[in-house]
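Enquirer: give the three-dimensional model of this entry:
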Amino acid sequence: MAAPGAAATDLEVVRGKRAALFFAAVVIVLGLPLWWKTTETYRAPLPYSQISGLNSLQLRLMVPVTVVFTQESVPLDDQEKLPFTVVHEREIPLKYKLKIKCRFQKAYRRALDHEEEALSLGGIQEAETMFAEPSEQAEGSLTVYVISEHSSLLPQDMMSYIGPKRMAVVRGIMHREAFNIIGRRVIQVAQAMSLTEDVLAAALADHLPEDKWSSDKRRPLKSSLGYEITFSLLNPDPKSHDVHWDIEGAVQRYVQPFLNALRAVGNFSVDSQILYYAVLGVNPRFDPASSSYYLAAHSLPHVINPVESRLGSSAASLYPVLNFLLYVPELAHSPLYIQDKDGAPVATNAFHSPRWGGIMVYNVDPKAYNGSELPVRVKVDMVRVMEVFLAQLRLLFGIAQPQMPPKCLFSGSKSEGIMSWELDRLLWARSVENLATATTTLTSLAQLLGKISNIVIKDDVASEALKKHWLNVNWNDMKYEHTFHSSFVYYLCSPEENIYKIDFVRFKIRDMDSGTVLFEIKKPPASGNQLKLVTR
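Expert: Got it, this is the predicted structure:
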């Protein structure tokens, strides 16, 4: 009787072992893959190798230059060689990971009949009025006219001229090396009208070491979809001063033409306000020698914060806010002057703060108090005020005074406050800045995603990081869509990883194996200005 019972027990043991092995096999074959699949973090593949190659890109700025030779500007033997093309390329020296080169493609040709007629006039201003800027001339291109070395079009002591349009004039020479000599003069003029080291250093200020830019080369405004401009009149003593300013008319006459010229840079909104009993927050010092008050240069940074609290918070704004303040000092601190670092009065009695705005102190004429009851009526000279604010606005956008070659006649800005080639240079600088920002952001993104394995990478994110063919930048949309991607606003619970929020720059990129990007400013289509960056 014991034997059958033992056999049954052994059979049960065998069955139990088989069941355990079966369940173990099911867990291994089905359970583990199912658990792995349901708990894994989905990470779409990213082009890490191509992203790492962005740091070795070479940027070439294409500047088409048409060089037009008039009669007697070069020897006859040289005129018979026209037309032909010469390419000149130089590297812009910057301590930056991207190599930036400027390529001048000079197309030499003879002057047409109407060009000969215009350049034979007695003065450069008359000739320039006959050269209406052709609508087909591409943004970023230049036209340089070569005149006779004895021409009266320019003053005899001047060798070249740079105008407000995309046009320049240089003197020719009767020499067997005429083309080489004139070519060097053309390059000097073209370099002054295109990107320079200072302009690029200012545009890449956030990406360069501090020794590449000084306090004199202030950081310009960063690229944005739009900008909000606020003009504020500060009247701290309304009991003494009844201030009136025609800000609406001044904006329409002086500011709006400038903003219209910059419509390719972004959208602008302008408003104004009057603030009473708003003081600077810094006590001016009294100068007994001049019986006036002054603000020293070292105290100017302390002026902004107390005033900004009265201007209204800019935190709710989607775009950068530029503040331009006209301050009428109270009677007890009048007249009030701003001093520079050397203690000398500033001619404009104003100062500006990079990426914030500017402040101008407007003193009331002392004669206004003679025999007048308080408050005295003060009518602001808006021409003088807008000259200062427009100059500050140019500096805030990085539009500095160009460095002219020796013996070069410079006409100055147009009525809009900006020259055509200055706008081209600004767009060039913004495109380089945007490309540098996109490169840095993508590189940081790839490094972060490589270190943190539990961040989800969705397919739409991967497709945004790598799309076919073109890196298209629409100037109406301000060159790139700078957004927070929703899938990357991700909260991680582990103590060492806390919270990560990725600022993702959406743009399209092509094969970067060659490591070179050629770009030039293209003719704006009907839908708006467009800049194409083509990789080859």
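Enquirer: tell me which element the most centrally placed residue in the chain falls in.
Expert: Taking Cα atoms, centre = their mean, the centroid of the chain lies closest to R430, which sits 3.8 Å from it. Secondary structure assignment for R430, by DSSP states H and E: helix 420-451.
Enquirer: report pLDDT for L195.
Expert: Turning to L195, the model gives it a pLDDT of 80.
Enquirer: got phi/psi on it?
Expert: phi -70, psi 140 (degrees, to the nearest 10).
Enquirer: ok, it touching R90?
Expert: No: using Cβ atoms under 8 Å as the test, L195 is too far from R90 to be in contact (10.6 Å). (Each C-beta comes from the backbone N, C-alpha and C, glycine too.)
Enquirer: who touches both of the two?
Expert: Here L195 and R90 have C102 as joint contacts, going by Cβ atoms under 8 Å, 6 or more residues apart in numbering.
Enquirer: who has more neighbours, those two?
Expert: In terms of neighbours (other Cβ atoms under 10 Å), L195 is the more surrounded of L195 and R90; the figures are 21 against 11.
Enquirer: contact partners for the more buried one?
Expert: In this structure, L195 makes contact with L61, I92, C102, R425, W428, A429, V432, judged by Cβ under 8 Å, 6+ apart.
Enquirer: please redo it, this time with the cut-off set to 7 Å
Expert: By Cβ atoms under 7 Å, 6 or more residues apart in numbering, L195 lies in contact with L61, I92, C102, R425, W428, A429.
Enquirer: which SS class is the first one?
Expert: On the three-state scheme (DSSP: H, G, I helix; E, B strand; the rest coil), L61 is labelled strand.
Enquirer: check whether it really touches L427, as I assumed.
Expert: No: with contact defined as Cβ atoms under 7 Å, L61 and L427 do not form a contacting pair (10.9 Å).
Enquirer: tell me how the protein divides into domains.
Expert: Domain assignment for the chain by automatic domain parsing gives 1-40, 53-203+408-429, 221-396, 438-535.
Enquirer: so what pLDDT did the residue nearest to the centre of the chain get?
Expert: We note a pLDDT of 87 for R430 in this prediction.
Enquirer: for it, which non-adjacent residue is closest in space?
Expert: Leaving aside its chain neighbours, R430 sits nearest to S223 (5.4 Å; criterion: Cβ to Cβ, 6 or more residues apart in numbering).
Enquirer: what does the one you found show for phi and psi?
Expert: Dihedral angles (degrees, to the nearest 10) for S223: phi -60, psi 140.
Enquirer: hang on, it packs against A436?
Expert: No: with contacts defined as Cβ under 7 Å, S223 does not count as touching A436, sitting 10.5 Å away.
Enquirer: overlap in contacts, those two.
Expert: Residues touching both S223 and A436 (Cβ under 7 Å, 6+ apart): there are none.
Enquirer: if we can go back for a sec, right, and the domains of the chain - which one's nearest P47?
Expert: domain 438-535 (4.8 Å; Cβ to Cβ).
Enquirer: avg pLDDT for that closest one?
Expert: 49.
Enquirer: stretch 147-163 now?
Expert: Averaging pLDDT along stretch 147-163 gives 89.
Enquirer: again, but for stretch 219-235
Expert: Here the mean pLDDT over stretch 219-235 is 90, rounded to a whole number.
Enquirer: quick one, helices of the stretch 251-400 of the chain?
Expert: Taking DSSP state H, counting those that start in this stretch to define them, one finds helices in the stretch 251-400 of the chain at 256-261, 301-311, 382-396.
Enquirer: and the angle from whichever helix or strand R185 is part of to helix 420-451?
Expert: With elements taken from DSSP H and E, the one containing R185 is helix 178-193. Using axes from the mean of the first three to the mean of the last three Cα atoms, to 10 degrees, the direction of helix 178-193 lies 70 degrees away from that of helix 420-451.
Enquirer: in the stretch 201-350 of the chain, which spans are strands?
Expert: Secondary structure of the stretch 201-350 of the chain, counting by DSSP state E, counting those that start in this stretch: strands at 226-235, 241-244, 267-276, 285-287, 292-295, 321-327, 336-338, 350-353.
Enquirer: identify the residues contacting the helix holding R185?
Expert: Defining contact as Cβ under 7 Å, 6+ apart, one finds that helix 178-193 is touched by 63, 65, 67, 74-75, 78, 86, 88, 104, 106, 142, 144, 146, 159-160, 162, 168, 170, 172-173, 175, 402-405, 421.
Enquirer: ok, 6 Å please
Expert: Contact partners of helix 178-193, identified using Cβ atoms under 6 Å, 6 or more residues apart in numbering, comprise 65, 67, 74, 78, 88, 104, 142, 144, 146, 160, 168, 170, 173, 402, 404-405, 421.
Enquirer: how far out from the middle of the chain is the helix or strand harbouring T143?
Expert: Counting by DSSP H and E, the element that carries T143 is strand 142-147. Here strand 142-147 is found 28 Å from its chain centre; the criterion is Cα atoms, centre = their mean, to the nearest Å.
Enquirer: likewise stretch 233-243?
Expert: A distance of 37 Å separates the C-alpha centroid of stretch 233-243 from that of its chain, computed with Cα atoms, centre = their mean.
Enquirer: between S223 and A436, which one's more packed in?
Expert: Between S223 and A436, A436 has the larger neighbour count (other Cβ under 10 Å), namely 23 against 19.
Enquirer: which ones are touching the more buried one?
Expert: With contact taken as Cβ under 6 Å, 6+ apart, A436 is in contact with L204, H207.
Enquirer: any idea how far it is from L208?
Expert: In this structure, A436 and L208 are separated by 10 Å, where distance is defined by Cβ to Cβ, to the nearest Å.
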